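Asks: only geometry, no sequence info:
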């Protein structure tokens, strides 16, 4: 009986300690290629390989389409974004090599988010408007927001 109780407690503790990432994927070559091409195009600005840049993304839904803004965490010593990433544990999967942490507009209402960011989040970066056309997501507009 004690052994059974021990194993039940151990399983409960292990399951509480592990949290899986939530991956979002447009499942579209058009979207993945557009993001990759745009991030590669500006590698020199970010000091090297786009795969090594600390990106994060804001996703907004707007009248049936999505707005995606991808930006770099420019303050490498700022632990706020690591805390946000750890707390939200959500990513956009662009490719097997690139998963970008993602936040949503609603996250700005979170008290934890407000404390972590202290109101200083720059959402300049690379803009993608994504719409669904014939059952497939496509990038219909891109831009640079600085």
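Replies: Great, that's in hand. Note that this is a predicted model, so its numbers are computed, not measured. Residues are numbered from 1 along each chain as shown.
Asks: List the contacts of the closest residue in space to residue 90 that isn't next to it in sequence.
Replies: With sequence-adjacent residues excluded and distances taken as CB to CB, 6 or more residues apart in numbering, residue 90 is closest to residue 22, at 4.6 Å. (Each C-beta comes from the backbone N, C-alpha and C, glycine too.) Applying CB atoms under 8 Å, 6 or more residues apart in numbering, we find residue 22 in contact with 89, 90, 91.
Asks: Among these, name the buried ones.
Replies: When the contacts of residue 22 are checked for burial by 16 or more other CB atoms under 10 Å, the buried set is 90, 91.
Asks: between the contacts of residue 22, which is nearest residue 67?
Replies: For the contacts of residue 22, the closest approach to residue 67 (CB to CB) belongs to residue 90, at 16.4 Å.
Asks: pretty sure the closest one is touching residue 102, no?
Replies: Yes - the criterion here is CB atoms under 8 Å, and residue 90 meets it with residue 102 at 5.0 Å.
Asks: any shared contact partners between these two?
Replies: Common neighbours of residue 90 and residue 102 (CB under 8 Å, 6+ apart) are residue 24.
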